[in-house]
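Peer 1: prediction below, plus the sequence it came from.
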Amino acid sequence: MAARHFLTLNDMTVAELDDLVNHASKLRTEWREGKVRESLKNRVLAMIFEKSSTRTRVSFEAGMTQLGGSALFLSPRDTQLGRGEPIEDSAIVISSMVDAVMIRTFAHKTVEQFAAASRVPVINALTDDFHPCQLLADMQTFREHRGSIKGATVAWIGDGNNMCHSYMNAAAQFGFHLNVACPEGYEPDSELMATQRSHVTLFREPADAARNANLLVTDVWASMGQEEEQQARERAFKRYQINRELMKLADKDALFMHCLPAHRGEEISHDMLEHPSSVVWDEAENRLHAQKALLEFLILGKLD
């Protein structure tokens, strides 16, 4: 049987995503109760990082340990991938020695090429185009605080980046509508917009996108690899900030999320992480539990 991969949310069915989110909440409860779980005992996850990370590395490594397994951290300095070995060759060798591979890189094509040659599940832990693991955590967090997100309105404020793209896929898979507010020239991918047009509406004004929304979400104005664009992006995005005034336009029970790290005073006001609507810290912790659920599903082929 061919390995199942998780490169975008579209690699899972609606039912599978629903089960993953519910299982993640179960794992969070068990972990907080101190229950020992060794479902992945003697299993190994290879973690390939071409982009730096805090939450991704800690959550995957801690998650494997909590499930009784282990994780190997591999940077470009540590592997032949960083010395020009073909991606497919590395995939064949690495996947012959481990039970799953997690990749955090730049080009989405890299994870697609690796997955095509891998005999074990491959997880996209972030590319320039998508960040599906974060969406599992976000959907889990919303469900834990407000119940099902189906039928809700989500407002994305800012760059039409990899997080925005994954929210567009999530809108279709989880059944909500996504309002995207971004400046001209920073829209989401046009092909993806065409595919998800029934689930996504594009706005220029943040207020129009945020009005009566049930969830407001954003990300940094300049992602990794875009540092040289920082000043230009600051000018383009200066009106695209989530703050207390924007939250007042949303539904009275609306939540605020950010995948972190956050630049206070830029995409969010200095006090937004402490705002009563903020569930950012639960969202960050849920990366751990959502990814544990994902690892069990991909490696074991089931959720228990």
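Peer 2: Nice, I can see it. Residues are numbered from 1 along each chain as shown.
Peer 1: residues touching the residue nearest to the spatial centre of the chain, list them.
Peer 2: Central residue of the chain (C-alpha atoms, centre = their mean): Q134, 2.0 Å from the mean position. Taking C-beta atoms under 8 Å, 6 or more residues apart in numbering as the criterion, Q134 is in contact with L126, M163, S166, C259, R287. In this view, the C-beta of every residue, glycine as well, is placed from N, C-alpha and C.
Peer 1: and those residues as CSV, adding neighbour count?
Peer 2: Below are the contacts of Q134 laid out as CSV (neighbours: other C-beta atoms under 10 Å):
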residue, neighbour count
L126, 28
M163, 24
S166, 25
C259, 24
R287, 27
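Peer 1: in helices, which of those appear?
Peer 2: Counted as lying in helices by DSSP state H, out of these, are M163, S166, R287.
Peer 1: pLDDT-wise, which helix or strand of the protein ranks last?
Peer 2: Ranked by mean pLDDT, DSSP states H and E, the helix or strand of the chain with the weakest confidence is helix 230-237, at a mean of 91.
Peer 1: now the strands: where do they sit in the chain?
Peer 2: Under the criterion DSSP state E, the chain contains strands at 44-49, 70-74, 100-104, 122-124, 153-157, 177-181, 200-203, 215-218, 255-258.
Peer 1: who wins for proximity to W31 among those strands?
Peer 2: strand 70-74 (16.8 Å; C-beta to C-beta).
Peer 1: can you tell me the average pLDDT over the closest one?
Peer 2: Mean pLDDT, strand 70-74: 97.
Peer 1: packing partners for it?
Peer 2: strand 44-49, helix 55-66 (3 or more C-beta pairs under 8 Å, 6 or more residues apart in numbering; DSSP states H and E).
Peer 1: what's the angle between the longest one and strand 100-104?
Peer 2: Pointing back at helix 55-66 there. Here the directions of helix 55-66 and strand 100-104 differ by 160 degrees (axes from the mean of the first three to the mean of the last three C-alpha atoms, to 10 degrees).
Peer 1: just to revisit the earlier point, out of the contacts of Q134, who's nearest D11?
Peer 2: S166 (12.0 Å).
Peer 1: does that closest one touch F130 like I think?
Peer 2: Yes: distance between S166 and F130: 5.1 Å, which falls inside the contact criterion (C-beta atoms under 8 Å).
Peer 1: which neighbours do those two have in common?
Peer 2: T8, L9.
Peer 1: next one: the residue nearest to P206 when sequence neighbours are not counted from H199, what distance?
Peer 2: Ranked by C-beta to C-beta, 6 or more residues apart in numbering and with sequence neighbours excluded, the top spatial neighbour of P206 is A181, at 4.5 Å. Shown here: A181 relative to H199, a distance of 16 Å by C-beta to C-beta, to the nearest Å.
Peer 1: cool, and T218?
Peer 2: Counting by C-beta to C-beta - T218 and H199 are separated by 19 Å.
Peer 1: low-confidence ranges, this protein, go.
Peer 2: Applying pLDDT under 70 to the chain flags residues 80, 82, 224-226.
Peer 1: and the helices in it?
Peer 2: 14-32, 55-66, 87-95, 108-117, 132-146, 162-174, 190-195, 206-210, 230-237, 244-247, 280-300.
Peer 1: what is the second one packed up against?
Peer 2: Put plainly, it is helix 55-66. strand 44-49, strand 70-74, strand 100-104, helix 280-300.
Peer 1: what angle sits between it and helix 132-146?
Peer 2: Using the same axes, to 10 degrees: helix 55-66 against helix 132-146 is 80 degrees.
Peer 1: centre of the chain to stretch 292-304, how far?
Peer 2: Here stretch 292-304 is found 18 Å from its chain centre; the criterion is C-alpha atoms, centre = their mean, to the nearest Å.
Peer 1: please apply the same query to stretch 2-13.
Peer 2: For stretch 2-13, the distance to the chain centre is 14 Å (C-alpha atoms, centre = their mean).
Peer 1: before we move on, what about stretch 96-105?
Peer 2: 17 Å.
Peer 1: same deal with stretch 116-125?
Peer 2: Averaging C-alpha positions (C-alpha atoms, centre = their mean) puts stretch 116-125 17 Å from its chain's average.
Peer 1: can you give me the end-to-end span of that stretch?
Peer 2: Using C-alpha to C-alpha, to the nearest Å, the end-to-end distance of stretch 116-125 comes to 16 Å.
Peer 1: do the same with stretch 38-46
Peer 2: 18 Å.
Peer 1: for stretch 241-256, same thing?
Peer 2: First residue to last in stretch 241-256 (C-alpha to C-alpha) measures 12 Å.
Peer 1: verify the contact between E266 and E234 for me.
Peer 2: Yes: using C-beta under 8 Å, E266 is in contact with E234, at 7.1 Å.
Peer 1: need the residues touching each of these two.
Peer 2: Any residue near both E266 and E234 by C-beta under 8 Å, 6+ apart counts here, and that gives W221.
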